[in-house]
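*Asks:* mind folding the following:
(2 chains)
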Amino acid sequence: METKEITGRAQEDAAALKALLPAQDILTFSFADGKGREYVCIFADALTDKDLLSEQALRPLSCYAGAADADAVARAALSPEVRAEASYEKLAAEVLAGNPVLVWEGADKGLALGTKKIAVRAVAEPPTDVAIKGPREGFVEDIKTNTSLIRRRLKTGELMIEMLPVGRRSQTNVALCWLDGTCRADIVDALRKKLSAIDIDALPDASYLTRFLTDKPYSLVKQTGTTEKPDIFCAKLAEGRAGILTDGSPIALTLPYLLAEDFQSGEDYFVPAARATFTRLLRLFALLVAVYLPAFYVAAQLFKLRLLPVKLLLTIAGSIRDIPLSPSLEMLLVLLVLEVLNEASIRMPKYVGMALSVVGALVLGETAVSAGFVSTPAIIIVAFSGIGLYAVPNLIEETSVLRLFMLLAAGSVGPYGIMLVSAFVLVSLVTTENYGVPLCAPFAPFSARDMKDALVKFNLLSLKERPRALNSPNKRRMK
Amino acid sequence: MTITPRQICFFLAGIAPVGKLILLPANLAATCGNDLLLPVLAHVLVQSVLVFCVLLLGRRERTLCTLLRDACGKTAARIAACLLAAFLLFAAFVPVIEQKLLVRSTFYDTIPAYLVFTPFFLFAAYICARPLPTLGRLWDILAPLALTGMAGIALFSAGSADLGALAPAGAAGAGGFLKGVQTACAWFFDAALLLCLIGRFPYRKGLALGGALCSLAGGGVLLLLLALFYGVFPGIAVIQTPAFSRMSGFFAGMTVLGRIDYFFIFAVAFAMTFHAALPVQCAVGLLTEAFGNKKYLAPALSVLFSALMLSAVYLVHFHTSAAVRTVTETLFWIFPLFTVLVPLLALLVFGRRHETLS
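*Replies:* Model prediction:
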């Protein structure tokens, strides 16, 4: 296909660009320089900082009387971010990205000026990763702000940030970040290749990318790390991972991902090692309880009463005596109610959400028990399971599905069903790898050295080397 | 994905003993009474020597199929692989039957329907289709889990075990000892399993000796549990199957805490589930390699073999004891043939050092 290029006739070039961008919010205006040459500026109305445009380009150029070539005009424009392009398509893309384009009489190329103005949310603490101790900054939707947050923390020439447009129509900027010499080159190459191969209309959020970046896109197992905090993102880059930022999304992705990452929090590194170890084990315990407790309760009632101590058994027997539903149906019902309440409370406005909590807790919970639809132990178990799930918030999607599978297995096959589902999950987990890194490292394959920062957290001074599982070319991080 | 020498050691020390904790203790108690440790000790020693031999064969860093193919040609290698696979399927019968007994007696208060055990074969078909090196990573998780489980069971049962019941040693006489050795043959085929894995792990200096020591350590764990088992049930050990899930139930604290020993029992049973599928998985791996690693061969074979095991188990459903007796008493000689003779023969033929040694 023939690429149409700048002709050097201002009105004709402007008309050609306008033909490519017929929308009403793409505006044009003309002015003349000191020599009387005509200039036409094409810009997207809401995306351009008109004051800056006027200050950096229009005012100096109106007095300009030099040569008409793009280099000379660019020097006169006083703008620190100027790109010269001859192709109409590329210039149109610049306009859509918020950069005004200048064409003029006698031009060999058009100029794109970096004077875009985008409404940006202020940097704030992310709601999904609140820290009592440690940095409170979080990523925002603007990719430039996010790269600045990273660059501020990693002041090294080894920090590489490569911008790649993704999305046929959205042309969303995706930044591939890594520390040169620390992250394996084959990981960066593979990511670059996968990102370039994505053929999708639009990329509304970083979560869309996760399916394209993994080897098993249909797997239920999570295979990319996510964070909203630049300090965690930078720490992961420093460990030898690559990171991905997406314009329009505050979620950053990190790869390769290890399952153990989600049991760690940024705060673990700001508190004593013993405390960090305790909280990590607590998270694991909470997750196991959340997934297994409802299932074991049902299995114990249906198939294996001896699992429960006698006194507890008598208490439960008293509570469930008049319940019309089977234990598995009762538990499934209460779990579904919890999921519905959870879903509704997240989507609802804050004030309605409070009312919803009251309705959920009092009306549904209390009344359902007193009406004899469900038993008190079932409510307690589901409540505990619901809370436990949130101890590891990054795995909620996977664990809530797993909890349902466990419950179905417990209700149909009993304790053996729970065991078999666990066995399936274990095989699936240990065989998952991304970018040559086993998901379950450092547990399977076991690595004693990496165990220093897995579930048990050693003192910072012991963590002299990067995780062996990531196989970084630069092994040492501390001397 | 490869198996590491450490994972081989994990298997020998932590996973191999769990396969011998369901029917074997009661069967041995029936054949040689309080002398049940002696036949096991003999088997443990022999297995450790065999493990040493097989791991020594691993120095060539070639799989059994490759060794056979290079030495005897493709057809002979396929025939040998088929024979070994047939043995592994035969050897899988007792562990699968044991799994069924375990499910019925440990996981349910009342005897459940036949179908309850059927999902195991779905799992077997799933795991057997996976490449053999997957085992290494599973052992990394399962070995500590199984060892913790066995330690917990031992701890809970130690208080109620009368180890004096094991005395006087030798009461069963030579006949009892030999009968015990014969009975236990069906449970000691670790060397044959290991034979399927050679060439899939890098050989390091001292691995053969380390493996043999781990095998001895695993045997030590097994002997300890057997001793405790007989100590807990001196008079009625014969009817206590599955042994390991019953011996810890008399711990004094359980009236208050409930059956907390079930945590440990479930941990061991979890490892047993994988162990029960292991012979079939090795058979699938062996045949897949022998017939050219074709893409759909492993899934097809794993489904076929799982279905075969399912049919066999349900075919003998009402004659389980007789079937187990046939394998352990009448056909017991098949086990030493493949577990002792084949590894020794393989070492004799392929064991010489080669220029490609690591």
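*Asks:* if you count neighbours, what's buried in stretch A:410-419?
*Replies:* A:410-411, A:413-419 (16 or more other CB atoms under 10 Å in any protein chain shown). The way it works is simple: take the backbone N, C-alpha and C, and place the C-beta from them, glycine included.
*Asks:* grab the nearest non-local neighbour of the closest residue to chain A within the stretch 201-350 of chain B.
*Replies:* Chain A sits closest to residue B:258 of the stretch 201-350 of chain B, with a gap of 3.2 Å, by CB to the nearest CB. Distances taken as CB to CB, 6 or more residues apart in numbering or on different chains put residue A:309 closest to residue B:258, at 3.2 Å, once the chain neighbours are dropped.
*Asks:* same question, residue A:306
*Replies:* With sequence-adjacent residues excluded and distances taken as CB to CB, 6+ apart, residue A:306 is closest to residue B:259, at 5.3 Å.
*Asks:* residue A:272 versus residue A:33, what's the distance?
*Replies:* Computed as CB to CB, to the nearest Å, the residue A:33 to residue A:272 distance reads 67 Å.
*Asks:* in the stretch 1-150 of chain B, which spans are helices?
*Replies:* Secondary structure of the stretch 1-150 of chain B (DSSP state H, counting those that start in this stretch): helices at B:5-10, B:24-32, B:37-57, B:64-72, B:74-106, B:119-128, B:134-158.
*Asks:* whoops, I mixed them up, the stretch 101-250 of chain A
*Replies:* A:143-153, A:185-197, A:206-213, A:230-239.
*Asks:* equivalent analysis for the stretch 351-479 of chain A, please.
*Replies:* Applying DSSP H, counting those that start in this stretch to the stretch 351-479 of chain A gives helices spanning A:367-371, A:376-389, A:396-412, A:415-431.
*Asks:* now stretch B:298-308, how far from the centre of its chain.
*Replies:* 20 Å (CA atoms, centre = their mean, to the nearest Å).
*Asks:* can I get stretch A:426-437 in PDB, CA atoms only?
*Replies:* Extracted in PDB, the C-alpha atoms of stretch A:426-437 (Å, rounded to 0.1, in the frame of the first residue of the first chain):
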ATOM      1  CA  LEU A 426      -1.300 -29.900  43.100                       C
ATOM      2  CA  VAL A 427      -0.400 -31.600  39.800                       C
ATOM      3  CA  SER A 428      -1.700 -28.600  37.900                       C
ATOM      4  CA  LEU A 429       0.300 -26.200  40.100                       C
ATOM      5  CA  VAL A 430       3.600 -28.100  40.000                       C
ATOM      6  CA  THR A 431       3.500 -28.600  36.200                       C
ATOM      7  CA  THR A 432       2.800 -24.900  35.500                       C
ATOM      8  CA  GLU A 433       5.800 -22.900  34.300                       C
ATOM      9  CA  ASN A 434       6.000 -19.500  32.800                       C
ATOM     10  CA  TYR A 435       9.100 -18.300  31.000                       C
ATOM     11  CA  GLY A 436      10.900 -21.400  32.300                       C
ATOM     12  CA  VAL A 437      10.200 -20.600  35.900                       C
END
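*Asks:* buried residues in it?
*Replies:* Along stretch A:426-437, these residues count as buried under the neighbour rule (16+ other CB under 10 Å): A:426-435, A:437.
*Asks:* next: stretch B:93-113.
*Replies:* In stretch B:93-113, counting by 16+ other CB under 10 Å, buried: B:93-104, B:106-108, B:112.
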